[in-house]
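Colleague: Need coordinates for the following:
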Amino acid sequence: MTTLRPGHHLYPTPDGWRCALPGDRYLRINGPEEALRAFQNATPGNADVGSLRRAFEAQGLLASPPPVRTPPRLLLHGDGPVADALAAVLSPWAPRRDGYLDEVDVLVDCAGWLPDSRWRALDDACAAAGVAWHRCHTEGTSWLLGPLTVPGQSPSYTDLRGRRLAASGVPDELTHHWAWLDDPASAPPVPEVGPGVAAVVAGLVADEIATWWRTGVAGPVGYQTEVATDPVRVTRHPVLALPALAS
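Modeller: Numbers count the residues shown, from 1 in each chain. Predicted coordinates:
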């Protein structure tokens, strides 16, 4: 059954009925009181709401309910405040904390500093298994998320890495820094993450996965999201896949 689009409200006022649209827009609605109340309550009963429904459809006010999908099988790697917040946000999906790629639809890896060599290997493994994966890590005083990688559809970690190196004026310095961070014995402690920042990072990661799972749309342009922490500020950076090289 079609209903009003999300964020649209049908209600009576002292001088007639209105439909409130997002952005402080309002439509005056004329029609039989019985039909309007029946439509408002989604209980047609004996009321004739057909003409009202057709008028709403003509105005683009109606939407079909989203299809109900089985939640994705999700594997969550990592520990710390962000991983814990993400586990809480995704609890309706019952994410696993251990398992194998051939058992899941999506992998999320919550790291501290950038684990470059591990993520390069994970990128290859997820591509071979056909498993989507998302990721987040801290860099400086910010957190960087994604882009969400759906093999064959959206940019990978390898694409992001290549784009960063190509755009940098000091690519050798980047690779030296990443190699140093790869060694847990030498890398410094990760800055403390407050509950608010952890919730923002977890919410953004979860929302991107949920949107892709609901719509099936991913790429070809992905986004790496930066969450600055002092103060909290969210910025999205577009990421394109690297061009395929001729064999």
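Colleague: What segments of the chain are strands?
Modeller: Secondary structure of the chain (DSSP state E): strands located at 3-4, 9-13, 16-21, 25-29, 62-63, 74-77, 106-110, 132-139, 142-145, 221-229, 232-240.
Colleague: Mean confidence (pLDDT) on stretch 108-119, please.
Modeller: Confidence for stretch 108-119, expressed as mean pLDDT, is 96.
Colleague: which of the residues in that stretch are buried?
Modeller: 108-116, 119 (16 or more other CB atoms under 10 Å). Glycine gets a C-beta too; all of them are placed from N, C-alpha and C.
Colleague: In PDB, list the C-alpha atoms belonging to that stretch.
Modeller: Output for stretch 108-119, consisting of C-alpha atoms alone and laid out as PDB, is shown next (Å, rounded to 0.1, in the frame of the first residue of the first chain):
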ATOM      1  CA  VAL A 108      33.900  -3.800   8.600                       C
ATOM      2  CA  ASP A 109      37.400  -3.200   9.900                       C
ATOM      3  CA  CYS A 110      37.900  -0.600  12.600                       C
ATOM      4  CA  ALA A 111      41.600   0.200  12.900                       C
ATOM      5  CA  GLY A 112      43.600   2.600  14.900                       C
ATOM      6  CA  TRP A 113      46.400   4.100  12.800                       C
ATOM      7  CA  LEU A 114      46.300   3.200   9.100                       C
ATOM      8  CA  PRO A 115      47.200  -0.500   8.700                       C
ATOM      9  CA  ASP A 116      48.300  -0.100   5.100                       C
ATOM     10  CA  SER A 117      49.800  -3.500   4.400                       C
ATOM     11  CA  ARG A 118      47.000  -5.400   6.100                       C
ATOM     12  CA  TRP A 119      44.300  -3.400   4.300                       C
END
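Colleague: ok, residue 56 - contacts?
Modeller: 4, 39, 62 (CB atoms under 8 Å, 6 or more residues apart in numbering).
Colleague: Out of these, who's the most crowded?
Modeller: Neighbour counts for the contacts of residue 56 peak at residue 39, which has 21 neighbours (criterion: other CB atoms under 10 Å).
Colleague: Pick out the residue closest to the middle of this structure.
Modeller: Per CA atoms, centre = their mean, the C-alpha nearest to the average position across the chain is that of residue 208, at 1.0 Å.
Colleague: neighbouring contacts of the biggest helix by length in the chain?
Modeller: The helix of greatest length in the chain, counted in residues with DSSP state H as the criterion, is given as helix 195-215. When contacts are taken as CB under 8 Å, 6+ apart, the neighbours of helix 195-215 outside the stretch itself are 66, 69, 71-72, 74, 81-82, 84-86, 88-90, 105-106, 108, 132, 134, 136, 143, 145-146, 148, 150, 217-218, 225, 227, 229, 232, 234.
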